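*Asks:* Following is a predicted model, sequence given first.
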Amino acid sequence: MKTALQKGGFKLTPQREATVKVLLDNDHLSAEEIFMYLRQTNPDIGLATVYRTLEILTQLQITHKVLFEDGLARYDIRKESNKPSHLHLLCTICGNIQEVYDDLIYELEKGMQEKYNFRVADHRLIFHGICSECQEMPAQITVSGKKGRK
């Protein structure tokens, strides 16, 4: 990481290092969630610093920014397991996000290369639905009148 920052013309500051540590321990955090984690050990850090740090880390491909339809960008550290061949399951009730690694995704990407001579660099595949925990909760009518989960 230090090398990637230096190549990009940036220094490894304590704030950047702390941000990476939070992301190493947690997946799919928004900037605000990262900020809340950081405030526990770095009370002087500002939200703007977190946003700037995340943009730099994303630009240098140290982090992966995933945009979900709920309007929040979430971040992960790019690891070997963050290859393009995974998808996300997003629970529309509780907001839980689960990563799924499946050979089917890899085969689809491989097919894009073979059939269309198109090399997939990245993709965003998000399935929206209800996770197993929320499915087990009794249904109730929400304030908006829609059927929901308790």
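*Replies:* Structure received.
*Asks:* Please make it C-alpha for all contacts and neighbour counts, starting now.
*Replies:* OK.
*Asks:* Strands along the chain, start to end?
*Replies:* Ranges of strands in the chain, per DSSP state E, are 29-30, 63-67, 73-77, 86-91, 97-101, 126-129, 139-141, 147-149.
*Asks:* what about K11, neighbour count?
*Replies:* Look at K11: counted by other Cα atoms under 10 Å, it has 13 neighbours.
*Asks:* Surely it touches T3?
*Replies:* No - K11 is beyond contact range of T3, at 9.2 Å (criterion: Cα atoms under 8 Å).
*Asks:* what about G9, neighbour count?
*Replies:* A total of 8 residues lie near G9 under the criterion other Cα under 10 Å.
*Asks:* pLDDT wise, what is it at?
*Replies:* Per-residue confidence at G9 stands at 89 (pLDDT).
*Asks:* the domain parsing of the protein - what is it?
*Replies:* Under automatic domain parsing, the residue ranges defining each domain of the chain are 1-80, 83-150.
*Asks:* just checking, which of those domains comes out with the lowest mean pLDDT?
*Replies:* Ranked by mean pLDDT, the domains of the chain end with domain 83-150 in last place, scoring a mean of 77.
*Asks:* any idea how far that one is from the chain center?
*Replies:* In terms of Cα atoms, centre = their mean, to the nearest Å, the centre of domain 83-150 is found 13 Å from the chain centre.
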